[in-house]
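Enquirer: The following comprises the amino acid sequence and a computationally predicted model.
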Amino acid sequence: METIELLILILKFILFPGALFCIAYGWFLEWFDRKLYARFQNRIGPLLTGPKGVLQPFADFIKLLAKEDITPAGADKFGFTVTPLLTLVVSLFTLLFIPIASLSGILSLSGDLLLVLFISTVFGLLIMFAGYFSGNRFSIVGTERTGLQFVAYEIPFALSVISVALATRSLEIVNIVTYQVNTLKLPLIVIVPVAFIIYLISSLAKLEKIPFDVPEAETEIVAGWQVEYSGKKLAFFRLATDLKMVFVSGLAVALFLGGPYGPSIPGLEPVFYTIWFIIKTLVVMFILSNLRSLFARYRIDQVVRGFWKYLIPFAVLQILAVQLLIFLGVI
Amino acid sequence: MPVPGTLEKELLSHISKKPATEMYPFVKVEVPEGYRGKIEFNIEKCIGCGLCSRDCPAGAIEMVEDERTKLKKRPKFIYSRCLYCAQCEESCPREAIKLTREFELADYDKERMVIDV
Amino acid sequence: MLEEEVEEKRVFKIPVGPQHPALKEFENFTFTVDGEKVIDVDFRIGYTHRGIEKLAESKTYIQNLYLCERICGICSAAHQGCYAQTVEELAGITAPPRGVYIRTLIWELERIHSHLLWLGVAAHEIGFDTLFMLIWRDREVVMSLLEMISGNRVNYAMSTVGGVRRDISDELKHKILKGLDVLEERTKYYKEVCMKEQTILARAANVGILSKEKTLKLNAVGPTARASGVDVDIRRDDPYGAYDEVPFEVIVYDTCDVLARILVRVDETIQSILMSRWILENLPSGEIRTKFARKIAENEVLGRVEAPRGELLYYIKSNGTDKPERLKVRTPTLANLLPVAEMLKGGYIADIPIVLAGIDPCFACMDRALFIDENSEKTWVWDKEQLRIYSIKWYKEHGKEVVRERWKQ
């Protein structure tokens, strides 16, 4: 009996809804994002690999694996090699806490929301290291910018998550989800809409997408922190970015959109929950893609100023509003 | 009053719109009438005057000795050098040269990119 | 850059180019930066030098039409038209009115396509890829109009010495008018977007300032000068073609920043659309070209036109043969290069691409400067083959020295 349970757990980690599912879903999300981005611009987008080009991110990954892997002479060899792997592992690890096939993630412990928040900030640090270790001029500028942007977006991101934690009075993701399903019977976005908007905007910055793609701004500093990475290392970084996309949209679903819960047939919950999860994350992705096709890139000083001047006050106001609602006994 | 996101309406309208992209290698592009493409040479009309060769800015037309026809010399078009200006078509006094609408001219072998009778 | 130096001064040198995504052509700019601030700019030109001016001396006037056209891909008609009109002046012939009108039409259509292209590139430089894609999609309209008129999308080969090569039929005229309506609507929409969109304004307003005094001092030309409040336009100041008859406004803005450069070009596009429509509606009838004898007696002429990027200058000297003795081109980008260095100083790294793009640089146009051997008084004409042999021979002898010299620098 025990061995079977262990086997199921291992399968959960590796197959579903663990690593393999998340990786495949990350590629799917990248395709979805690229396709939508293209459609917003009246283009076609990925077309040839697989039906409607859905295998394009996978093909890109395979192609990059086969490419020559160059370590520049000026780079810190150890750091340069380890950072991509570490980024990939870290982003996979955070996904274990995201509820996909059930109301809780594969891993769930009290206070895991804080842990997830902490690990997601490690992304930013790893990117800084990645730029720093490659010892390229463009990378150094990219690293500087990553650091500055990091200072800008992490605080509103955390504040928006905190307002959710306050509203549900819990720091455990599974409790937040069950609170929405059982106690509130509504997704939390109804209570904390401003926090949701702030979450989306800061996650755009976290994912380094337009208008906050300052650290890798192509026309300015070529590719910023990732300019020296090639071959396998670049493939890992790109996969990590895709996983980050799953993480950001998955966390948004868990915190604001009622988790993977939705109408389902009893007994088939895992299947239906997965389908609801996919639908909800696609909605989040749609908003993110739309936002990123809507703006010009801000300058780094404008990014920092904007986040501190507008988003943080609003996030604080949201927290106060949640407090008021609790005080009034509404939630 | 400046606002971010002025393009939103336009973007959403694209969702139901057909992409503007030309599906070029799969669907052939129609080029307009009068397009300057591959050269078509009619030896029957040629008088071997060499005006085309003299005016060609790219040196794509060479006059070669001709034994088969009654002409002394006939033009040989090396279209890997051609820049499709149609000056030869204009210079020809007998309308023996015409630029067609054919434009897919890439080749692996330079030797094959020659129009000769 | 040595590491100690970095530590000492806290400054950093960033090379932009010869290959860089912000530059569409090869040119080298070295920026000295402190953090995100640009302290100094240094540029090296000549990467796209092709020896066209020398080559032109070995080709006939007819052949040079197509050579000059290829100096630049974007303003090919301006180059070819300017060459043709200068040679006409040289030979003392005049093109018939219909030919002149059609030539002017091509110039204006080209201005539309060039400005729209620039607008798209500018959007791309500030990371607004959606606007870039949309503008380029609509630019296809004018591209296909030009293809219909001339038979090619880029190198129109329309002007010839003594007029133009193709006529415009009534059917084609209607098609062009229809296309112009679409273009007018879209350009007005983009103007509205550029004036309203906060993210564009955040990146373009008060960026890359070039004061009016500096503009005059550093001899900026074209839209770059007009965006700094300098009211110059060859089309009005020294009318050529049909510009003395076509009604149009010279667009001048005086905010001196990138936004002004954007608005000048958008407004000029609208003006060009109106002009093209006027030309089509008032197209005189008659011949489109006059005969041109291939040889031109000794003479020298300086001709200029307002290319989309600014004043374009052609100097041609003839010597009685069918080939020019000297052909000299001064393109607008060369004139705008010193002003752009001025604009970049004191800005941010993030502003480099949009400010650089702000002058609509065309480096392939610019790089034709040749070293002339002042010691040898002998003049000789080389054809392409001799030039090639000479260059191979010269590099065999001097190649190593050249490489060594470059390393020293």
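Expert: Yep, it's here. Numbering: from 1, shown residues only, chains lettered A, B, ... in the order given.

Enquirer: and the residue positioned nearest the centre of chain B, what is it in contact with?
Expert: The residue lying closest to the centre of chain B (CA atoms, centre = their mean) is residue B:37, at 1.9 Å. By CB atoms under 8 Å, 6 or more residues apart in numbering or on different chains, the residues touching residue B:37 are B:31, B:84, B:99-103, B:105. From N, CA and C alone the C-beta is placed, and that goes for glycine too.

Enquirer: Tabulate the residues you listed (CSV), appending distance to chain C.
Expert: Below are these laid out as CSV (distance: CB to the nearest CB, whole Å):
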residue, distance to chain C
B:31, 7
B:84, 7
B:99, 8
B:100, 11
B:101, 9
B:102, 13
B:103, 10
B:105, 14
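
Enquirer: biggest helix in the chain by residues?
Expert: Going with chain A. Secondary structure of chain A per DSSP state H: the longest helix is helix A:137-168.

Enquirer: nope, chain B please
Expert: Ranked by residue count and defined by DSSP H, the top helix of chain B is helix B:8-15.

Enquirer: is that one up against chain C anywhere?
Expert: Yes. Counting by CB under 8 Å from any CB of the partner chain, chain C has neighbours in helix B:8-15: B:10-11.

Enquirer: which SS state does residue C:228 fall under?
Expert: The three-state label given to residue C:228 by DSSP: H, G, I helix; E, B strand; the rest coil is coil.

Enquirer: for the one 3 residues further on, same thing?
Expert: Under the three-state scheme (three-state DSSP), the conformation of residue C:231 reads as coil.

Enquirer: which element is the closest residue in space to it that isn't next to it in sequence on?
Expert: Nearest non-adjacent residue to residue C:231, counting by CB to CB, 6 or more residues apart in numbering or on different chains: residue C:252, 5.1 Å away. Counting by DSSP states H and E, there is no helix or strand that carries residue C:252.

Enquirer: Let me see the backbone angles for residue C:252.
Expert: With angles defined as degrees, to the nearest 10, residue C:252 sits at phi -130, psi 130.

Enquirer: residues contacting it?
Expert: Taking CB under 8 Å, 6+ apart, we find residue C:252 in contact with C:226, C:229-231, C:264.

Enquirer: Just the closest of those residues to chain B, please.
Expert: The nearest member of these to chain B, counting by CB to the nearest CB, is residue C:264 at 18.9 Å.

Enquirer: Are we agreed that the closest one is in a helix?
Expert: Yes. Per three-state DSSP, residue C:264 lies within a helix segment.

Enquirer: Close to chain A: what parts of the stretch 201-350 of chain C are there?
Expert: Near chain A, when you scan the stretch 201-350 of chain C using CB under 8 Å from any CB, you find C:202-203, C:348-350.

Enquirer: before we move on, what about chain B?
Expert: Within chain B, the positions adjacent to chain A are B:4-5, B:7-8, B:11, B:14-15, B:17, B:19-21, B:23 by CB under 8 Å from any CB.

Enquirer: Which one (most neighbours) among the residues you listed?
Expert: residue B:7 (24 neighbours; other CB atoms under 10 Å in any protein chain shown).

Enquirer: any idea how far residue A:280 is from the residue nearest the centre of chain A?
Expert: Taking CA atoms, centre = their mean, the centroid of chain A lies closest to residue A:248, which sits 2.7 Å from it. Using CB to CB, to the nearest Å, residue A:248 is found at 13 Å from residue A:280.

Enquirer: got any residues that touch both of the two?
Expert: In contact with both residue A:248 and residue A:280: no residue, using CB under 8 Å, 6+ apart.

Enquirer: middle-most residue in chain C, spatially?
Expert: Centroid-nearest residue in chain C: residue C:309, 4.6 Å away (criterion: CA atoms, centre = their mean).

Enquirer: Contact partners for that residue?
Expert: C:75, C:114, C:221-223, C:331-333, C:336, C:359-360, C:362, C:365.

Enquirer: Could you rerun that using 7 Å?
Expert: Neighbouring residues of residue C:309 by CB atoms under 7 Å, 6 or more residues apart in numbering or on different chains: C:75, C:222, C:332-333, C:360, C:362.

Enquirer: Repeat that for residue A:324.
Expert: Per CB under 7 Å, 6+ apart, neighbours of residue A:324: none.

Enquirer: so residue C:109 sits right up against residue C:142, yeah?
Expert: Yes. Using CB atoms under 7 Å, residue C:109 is in contact with residue C:142, at 5.9 Å.

Enquirer: Select the helix or strand of chain B having the lowest average pLDDT value.
Expert: Lowest on mean pLDDT, DSSP states H and E among the helices and strands of chain B sits helix B:8-15, with a mean of 82.

Enquirer: pLDDT weak spots in chain A?
Expert: A:1, A:217-220 (pLDDT under 70).

Enquirer: That one against chain B: which residues are in contact?
Expert: For chain A, the residues in contact with chain B (CB under 7 Å from any CB of the partner chain) are A:39-40, A:42-44, A:290, A:293-295.

Enquirer: Greatest separation within the residues you listed: which pair is it?
Expert: Within the residues of chain A next to chain B, two members stand farthest from each other by CB to CB: A:44 and A:295, at 22.5 Å.

Enquirer: Now for the closest residue to chain C within chain A, how many residues are close by?
Expert: Going by CB to the nearest CB, chain C is nearest to residue A:297 of chain A, at 2.6 Å. Other residues within reach of residue A:297 by the criterion other CB under 10 Å amount to 27.

Enquirer: what does residue A:137 give?
Expert: Residues within reach of residue A:137, counting by other CB under 10 Å, total 18.

Enquirer: who touches the nearest residue to it once chain neighbours are set aside in this structure?
Expert: Using CB to CB, 6+ apart and skipping the chain neighbours, the partner closest in space to residue A:137 is residue C:14 (5.5 Å). Contact partners of residue C:14, counting by CB under 7 Å, 6+ apart, are A:137, A:141, C:31, C:33, C:349.

Enquirer: Most neighbours of all those, which one?
Expert: With neighbours taken as other CB under 10 Å, the top of the contacts of residue C:14 is residue A:141, carrying 27 neighbours.

Enquirer: any idea what sits nearest that one, other than its immediate chain neighbours?
Expert: Of all residues not flanking residue A:141 in the chain, residue A:221 sits nearest, at 4.9 Å (CB to CB, 6+ apart).

Enquirer: In this structure the one you found contacts residue A:143, no?
Expert: No. Judged on CB under 7 Å, residue A:221 makes no contact with residue A:143 at a distance of 10.2 Å.

Enquirer: who's more crowded, the two?
Expert: residue A:221 (30 against 22).

Enquirer: Give me the secondary structure label for the residue of chain C found nearest chain A.
Expert: Closest contact between chain C and chain A, by CB to the nearest CB, is at residue C:127 (2.6 Å). Here residue C:127 is recorded as coil under three-state DSSP.

Enquirer: count of neighbours near it?
Expert: If you count neighbours by other CB under 10 Å, residue C:127 ends up with 29.

Enquirer: follow-up on the earlier one: name every strand pairing with the helix or strand following the longest helix of chain B and say which way it goes.
Expert: Counting by DSSP H and E, the next helix or strand C-terminal to helix B:8-15 is strand B:39-41. Strand pairing for strand B:39-41, using DSSP bridges, gives strand B:97-99 (antiparallel).

Enquirer: For the helix or strand hosting residue C:217, could you pull out the residues that count as buried?
Expert: Element membership for residue C:217, per DSSP H and E: helix C:212-218. Under the neighbour-count criterion of 16 or more other CB atoms under 10 Å in any protein chain shown, helix C:212-218 has C:214-215, C:218 buried.

Enquirer: what's the average pLDDT for that helix?
Expert: Taken as a whole, helix C:212-218 has an average pLDDT of 85.

Enquirer: swap in stretch C:72-83?
Expert: On average, the pLDDT along stretch C:72-83 is 87.

Enquirer: Distance from that stretch to the middle of the chain?
Expert: 8 Å (CA atoms, centre = their mean, to the nearest Å).
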